[in-house]
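Engineer: I would like to see how this sequence folds:
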Amino acid sequence: MYQINADWFKSLTGGPNDRVRFAALVPLFYYESMRIAPPPPPLGRAFGSLRAPAFRWWFASQVLSASGTMTQGVAQSWLVLKLTGSGLDLGLLGSCYMLPVLVGGPWAGALADRIDRRRLLIATQSIFIVSASLLAALTWSGAVRVWMLFAIAFVTGAVSAPDSAARQVYVLDLVGGRELASAISLNEVVINVSRVVGPAMGGIFLATLGIPVCYVANAVSYLPPLLVLLVLHRKGRLPAATQASGTGVPGAAPEPASGTAAAGRKPRPRGQVRAGLRYVWSTPVLRFTVLMAAASGMLFNLGVALPLLATRVFHLGGGGYGLMMAVFGLGGVAGAFLAASARGQPGGREVRLLGALTGVAVLATAAAPDAGLAFAGLAVTGCLSIWFIARANTLAQLRADPAMRGRVMGIWTMALPGTSPVTGPTIGLVAETAGARAGFGLAGVALLVTAGVGWRALADNGPTGAEVALGSGGYPAMS
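Structural biologist: Alright, predicted model coming up:
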């Protein structure tokens, strides 16, 4: 590599003006030879993934689907309390859903690696439609019992494990590595918007049309993603680079991508799950990224810590608690846009710093002397936490060997949100014994500890700008 310095400038032939003109052209020749376009503005980077028509339709369908899921969640909790009036049953309902996600995460990821992810998602969307329709029918007929809700929640959780793993990798299949950060961050926008829209819809339906309509709305909300999976593939609108490699890198080695006809079921070698767990644990950047995701699960389990903080510390009612949730969600939307507009692919240093800052924000919110500062702290915490988790998810996907990516995302799902059956009771126990502030602050301590332990493992800055522009991501496949 030539060094462009004063001695090099003096060695050029011609007069001073000729030298200036020639030197000014050198960067243009360099960039043209590498086919590097000028970096887009932050807003363009944030929405860059929407340039892919397939992802544009997929993104729109996810807004509807996620809002429908949140709508059903409101009805589900209300129905359990109506049937039994027991807070314990409400907690058991959540455990029935999350236990299969926790236990089955690695197996779900192995399934996403073995079979066509598009077909897998078609199957999961279809099952979700059936389960929501069944709940609507049981509720309408008056035959519903709480044990039925537990059973359907368990089945739904078992289906959600492979659905979540396949859904995360499918985004990479649609947009490629260069736009993955934008796509994942926009997905966080979907989640946070649904936290506002879904409960609002659920409240309106409960007050006007009844519980069964919430289930019907959720069943209908799964139709748009199902249609996207069916129709766009038939029209051949998946990106060409994605169809070639599943990575978005022109000329990359092919891998089984969901949009291709060749991506059928792969042979099932023994020990796939163990291999996935061993791969994540033996790769330091993946190991600590997943551990930090699990620690953040204590924060995102807002249904346990935040109500206690709102009522016992700041003496707020249901409206105040709802406003706290909304403030956190709005902060999360801002954090998702910050993650999406970030230049280049994430590096370990960025992820560890964002994780540590999130931990500090959580502790500051827990220690807030009054409700006003607590609201401000929640806005900052929501922003930093979603910024962190979006960049960490992108880092995990890009660092994973393509052959292991489904299993890595399955383990990620096991960590977040799959650990909720463990973290939820832990937060509740700490809150009961040491106070609501300690219960909420526990997530901050966990994030700071995991970031500190993994500080050296997450010491790289990520790929260079040239590598990002060339689409390689800077991360070679691991053997």
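
Engineer: and residue 61, how far is that from residue 54?
Structural biologist: 11 Å (CB to CB, to the nearest Å). To be clear about C-beta, it is placed using only N, CA and C from the backbone, and glycine gets the same treatment.

Engineer: And what about residue 304, helix, strand or coil?
Structural biologist: For residue 304, the assignment made with DSSP: H, G, I helix; E, B strand; the rest coil gives helix.

Engineer: Then residue 107?
Structural biologist: Per three-state DSSP, residue 107 ends up helix.

Engineer: Helices of the stretch 51-200 of the chain, start to end?
Structural biologist: Under the criterion DSSP state H, counting those that start in this stretch, the stretch 51-200 of the chain contains helices at 53-83, 87-114, 117-141, 146-175, 180-208.

Engineer: Look up the pLDDT of residue 371 for me, please.
Structural biologist: Per-residue confidence for residue 371 comes out at a pLDDT of 92.

Engineer: how about residue 301, what does it touch?
Structural biologist: 417, 420, 423, 424, 427 (CB atoms under 8 Å, 6 or more residues apart in numbering).

Engineer: The residue nearest to the second one when sequence neighbours are not counted: neighbouring residues, count only.
Structural biologist: This points to residue 420. If the residues on either side of it in the chain are set aside, residue 420 comes closest to residue 98, at 4.5 Å by CB to CB, 6 or more residues apart in numbering. Counted with other CB atoms under 10 Å, residues neighbouring residue 98 total 24.

Engineer: How about residue 336?
Structural biologist: 27.

Engineer: Could you count how many residues lie near residue 278?
Structural biologist: Neighbours of residue 278 (other CB under 10 Å): 11.

Engineer: Apologies, that question was intended for residue 271.
Structural biologist: So residue 271, with other CB under 10 Å, has 9 neighbours.

Engineer: Isn't the residue nearest to residue 420 up against residue 423?
Structural biologist: No - contact criterion CB atoms under 8 Å: residue 98 and residue 423 do not qualify, at 9.8 Å.

Engineer: Would you map the helices across the stretch 201-350 of the chain?
Structural biologist: 211-221, 223-234, 240-245, 272-282, 284-300, 302-308, 318-340, 348-366.

Engineer: what's the closest of these to residue 123?
Structural biologist: helix 223-234 (10.0 Å; CB to CB).

Engineer: before we move on, back to that, wait, what's in contact with the residue nearest to residue 420?
Structural biologist: Applying CB under 8 Å, 6+ apart, the residues near residue 98 are 157, 417, 418, 420, 421.

Engineer: With residue 148 instead?
Structural biologist: So residue 148 contacts residue 138 (CB under 8 Å, 6+ apart).

Engineer: Look at the residue lying closest to residue 78 once chain neighbours are set aside and say how many residues are nearby.
Structural biologist: Nearest residue to residue 78 in three dimensions, chain neighbours excluded: residue 206, at 6.1 Å (CB to CB, 6+ apart). Residue 206 has 17 neighbours, counted by other CB under 10 Å.

Engineer: quick one on the thing from earlier: redo the helices of the stretch 51-200 of the chain as CSV? Include mean pLDDT and distance to residue 293.
Structural biologist: Below are the helices of the stretch 51-200 of the chain laid out as CSV (pLDDT from 0 to 100; distance: least, CB to CB, whole Å):
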stretch, mean pLDDT, distance to residue 293
helix 53-83, 81, 19
helix 87-114, 77, 12
helix 117-141, 92, 21
helix 146-175, 86, 12
helix 180-208, 75, 13
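
Engineer: what about the ones you listed, which gets the closest to residue 273?
Structural biologist: Per CB to CB, nearest to residue 273 of the helices of the stretch 51-200 of the chain: helix 87-114, 4.5 Å.

Engineer: ok, and for the closest one, which residues are buried?
Structural biologist: 89-114 (16 or more other CB atoms under 10 Å).

Engineer: Likewise for stretch 138-146?
Structural biologist: 138, 139, 144, 146.

Engineer: for these, which one is nearest residue 369?
Structural biologist: The closest of the buried residues of stretch 138-146, once distances to residue 369 are taken by CB to CB, is residue 146, at 41.5 Å.

Engineer: got the contact list for the closest residue to the closest one other than its chain neighbours?
Structural biologist: Spatially, and ignoring its direct neighbours in sequence, residue 146 is nearest to residue 83 (4.9 Å; CB to CB, 6+ apart). Contacts for residue 83 (CB under 8 Å, 6+ apart) come out as 89, 144, 145, 146, 149.

Engineer: With residue 221 instead?
Structural biologist: 64, 65, 67, 68, 69, 71.

Engineer: got TSV for these, with distance to residue 304 and neighbour count too?
Structural biologist: Shown next, in TSV, are the contacts of residue 221 (distance: CB to CB, whole Å; neighbours: other CB atoms under 10 Å):
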residue	distance to residue 304	neighbour count
64	28	19
65	25	22
67	23	24
68	24	28
69	19	20
71	21	28
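
Engineer: re the thing from before, residue 122 is nearest to which of the helices of the stretch 201-350 of the chain?
Structural biologist: helix 223-234 (5.1 Å).

Engineer: Compute the inter-axis angle for that closest one and helix 146-175.
Structural biologist: 30 degrees (axes from the mean of the first three to the mean of the last three CA atoms, to 10 degrees).

Engineer: Residues contacting helix 223-234, please?
Structural biologist: 53-54, 57-58, 60-62, 64-65, 118, 121-122, 125-126, 129, 238, 259.

Engineer: Pull up the gap between residue 64 and residue 139, please.
Structural biologist: 22 Å.

Engineer: Actually, residue 189.
Structural biologist: 31 Å.

Engineer: ok, now residue 224?
Structural biologist: 23 Å.

Engineer: element containing the nearest residue to residue 366 once chain neighbours are set aside, please.
Structural biologist: Closest residue in space to residue 366, ignoring its immediate chain neighbours: residue 441 at 3.5 Å, by CB to CB, 6+ apart. Assigned by DSSP states H and E, residue 441 belongs to helix 436-453.

Engineer: Now do that helix: which elements does it pack against?
Structural biologist: Counting contacts by 3 or more CB pairs under 8 Å, 6 or more residues apart in numbering; DSSP states H and E, helix 436-453 packs against helix 284-300, helix 302-308, helix 348-366, helix 420-434.

Engineer: Could you dump those into JSON lines with mean pLDDT and distance to residue 317 added?
Structural biologist: Below are the helices and strands packed on helix 436-453 laid out as JSON lines (pLDDT from 0 to 100; distance: least, CB to CB, whole Å):
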{"stretch": "helix 284-300", "mean pLDDT": "90", "distance to residue 317": "23"}
{"stretch": "helix 302-308", "mean pLDDT": "76", "distance to residue 317": "11"}
{"stretch": "helix 348-366", "mean pLDDT": "95", "distance to residue 317": "19"}
{"stretch": "helix 420-434", "mean pLDDT": "81", "distance to residue 317": "19"}
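
Engineer: Relative to residue 76, which of those is closest?
Structural biologist: Closest among the helices and strands packed on helix 436-453, using CB to CB: helix 302-308, at 12.4 Å.

Engineer: Listing request: residues of the stretch 201-350 of the chain with sub-threshold pLDDT.
Structural biologist: 232-270, 303, 318-319, 322 (pLDDT under 70).

Engineer: one more time with 90, if that's ok
Structural biologist: 201-212, 214, 228-278, 296-312, 315-347 (pLDDT under 90).

Engineer: Name all residues that make contact with the residue lying closest to residue 272 once chain neighbours are set aside.
Structural biologist: Nearest non-adjacent residue to residue 272, counting by CB to CB, 6+ apart: residue 110, 4.2 Å away. Shown in contact with residue 110 (CB under 8 Å, 6+ apart): 272, 273, 276, 406, 407, 410.
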